[in-house]
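Peer 1: Give me the fold of what follows.
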Amino acid sequence: MTLLESLKKMTVIVADTGDLEAIAKHRPQDATTNPSLLLKVAQQPQYRAVVDEALKYAASQPTDEAGRTTAFMEKLFVNFGQEILKLIPGRVSTEVDAKLSFDVEGSVAKARAFIEHYRRAGIDRDRILIKLSTTWEGIRAAERLEKEGIHCNMTLLFSFAQAVASAEAGVTLISPFVGRIYDYYVKDRGVKDIPIDEDPGVASVVKIYNHYKKLGFKTQVMGASFRKTEQVMRLAGCDLLTISPEILADLGTRDGELPRRLSIEAAKVSDAQPLHLDEKGYRWLHNEDPMAVDKLSDGIRKFNADALKLEKWASSQVAKAA
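Peer 2: Sure, this is the predicted structure:
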């Protein structure tokens, strides 16, 4: 048995890639994409037909070039989502623009647009997760969408406050960023590495998982943004883990059986305590975590920069096709 096979027995594996060949190779349950991953794969020759179909759709829209670019990008996300869904039995995450991180109405509208594209393609909304930044506004947008039956994946999650507020809003899934938390503390402490037993990113997921399971929240926890295989191994038993092709390959070539690190039974006897957060409480508790404040802001800026690169490329494709 490989470590990957062992992990699949207790945790849902999600491929953190838009590369269809990598997804087909590693056979995850779910997959997640983002603008930077999409830009990378969309420029590869083998996916030209997927791009051309999105361009054809955009050209048919009665709008200006900016509107056609937006239509092209939306359809491109959905087209790749469709291709991914052909290869996996579960769900694909489709990401709302980072520039809408503080815009409830804009986030809701974009999510509905994605779901409508999928519906027209014959894809049930239960196979789609809408990715939203875990700001207060993003959480409020997710709360509204969940009430409409649109399932959400809260991304850029770094603080316990973000996790608590997301669960109270009834979101389907959260994605704590293990690797970026680790990165922050490596830099902050001026070290090259942090021992796995002291890894703050791993510890964050454990705390959130125990809180959810002890208090009966239905929101699932999906550890994300891993820097090394050992971080994944330490979270065996988590609801889901989204893993890069490189780490999936490493797990797939190493023999052994992983011990379960997270379980409902262990969570039930943890010291997790009830906590309710209104907007003021959320903002205060999140603000008390300098790492989370820094990484959320930085993450939104970086996600937006990646989205702008995709938009620039998309605009060039639309102009060529005109």
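Peer 1: partners of residue 12 in the sheet?
Peer 2: residue 240 (DSSP bridges).
Peer 1: For the helix or strand that contains residue 179, list every residue counted as buried.
Peer 2: Assigned by DSSP states H and E, residue 179 falls within helix 178-189. Using 16 or more other CB atoms under 10 Å as the test for burial, helix 178-189 gives 178-184, 186. Quick note: C-beta positions are derived from backbone N, CA and C, even for glycine.
Peer 1: and if you look at stretch 203-212?
Peer 2: Buried-residue list, stretch 203-212, by 16+ other CB under 10 Å: 204-212.
Peer 1: Who are the packing partners of the helix holding residue 179?
Peer 2: helix 200-215, helix 229-233, helix 290-321 (3 or more CB pairs under 8 Å, 6 or more residues apart in numbering; DSSP states H and E).
Peer 1: Could you rerun that using 10 Å?
Peer 2: Where contact means 3 or more CB pairs under 10 Å, 6 or more residues apart in numbering; DSSP states H and E, helix 178-189 is packed against strand 152-157, helix 200-215, helix 229-233, helix 290-321.
Peer 1: which of these is buried the deepest?
Peer 2: strand 152-157 (a mean of 29; mean count of other CB atoms under 10 Å).
Peer 1: That one pairs with which strands?
Peer 2: Using DSSP bridges, strand 152-157 pairs in its sheet with strand 128-133 (parallel), strand 173-176 (parallel).
Peer 1: just to revisit the earlier point, adding distance to residue 61 and pLDDT, write the buried residues of helix 178-189 out as TSV.
Peer 2: Putting these into TSV (distance: CB to CB, whole Å; pLDDT from 0 to 100) gives the following:
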residue	distance to residue 61	pLDDT
178	40	98
179	38	98
180	37	98
181	41	98
182	43	98
183	41	98
184	42	98
186	46	98
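Peer 1: Which of the residues you listed sits closest to residue 131?
Peer 2: Nearest to residue 131, judged by CB to CB, of the buried residues of helix 178-189 is residue 180 at 15.4 Å.
Peer 1: Pretty sure the closest one sits against residue 299.
Peer 2: Yes - Residue 180 is in contact with residue 299 according to CB atoms under 10 Å; the separation is 6.9 Å.
Peer 1: what do those two both touch?
Peer 2: Common contacts of residue 180 and residue 299 (CB atoms under 10 Å, 6 or more residues apart in numbering): 156-158, 225.
Peer 1: which among these gets closest to residue 95?
Peer 2: The closest of the shared contacts of residue 180 and residue 299, once distances to residue 95 are taken by CB to CB, is residue 156, at 10.4 Å.
Peer 1: Would you check that that closest one makes contact with residue 166?
Peer 2: No - Residue 156 lies out of contact with residue 166 (CB under 10 Å); the separation is 11.4 Å.
Peer 1: tell me, what's touching these two both at once?
Peer 2: Joint contacts of residue 156 and residue 166 (CB under 10 Å, 6+ apart) are 132, 134, 138, 175.
Peer 1: buried residues in stretch 87-105?
Peer 2: 87-88, 90-98, 100-101, 103-104.
Peer 1: got it, and stretch 260-280?
Peer 2: By neighbour count on 16+ other CB under 10 Å, the buried set for stretch 260-280 is 261-262, 266-267, 272, 275, 277.
Peer 1: Out of the strands paired with strand 152-157, which gets nearest to residue 310?
Peer 2: strand 128-133 (14.4 Å).
Peer 1: Against which helices or strands is the helix or strand just after that closest one packed?
Peer 2: Using DSSP H and E, the helix or strand that follows strand 128-133 in sequence is helix 136-147. Applying 3+ CB pairs under 10 Å, 6+ apart, one finds that helix 136-147 contacts helix 104-120, strand 128-133, strand 152-157, helix 160-168, strand 173-176, helix 279-287.
Peer 1: pLDDT on helix 136-147, on average?
Peer 2: The average of the pLDDT scores along helix 136-147 is 98.
Peer 1: Show residues contacting the lowest-mean-pLDDT helix or strand in the chain.
Peer 2: When the helices and strands of the chain are scored by mean pLDDT, DSSP states H and E, helix 35-42 comes last with a mean of 86. Contacting residues not belonging to helix 35-42 are listed as 16-22, 31, 33, 47-48, 50-51, 54, 73, 76-77, 79-81, 83, 94-95, 97-98, 302-314, 317 [CB under 10 Å, 6+ apart].
Peer 1: Let's see that with 8 Å instead.
Peer 2: Here helix 35-42 makes contact (CB atoms under 8 Å, 6 or more residues apart in numbering) with 16-20, 47, 50-51, 76-77, 80, 95, 303, 306-307, 309-310, 313.
Peer 1: Of the buried residues of stretch 260-280, which is the nearest to residue 170?
Peer 2: Nearest member of the buried residues of stretch 260-280 to residue 170, counting by CB to CB, is residue 277, at 13.8 Å.
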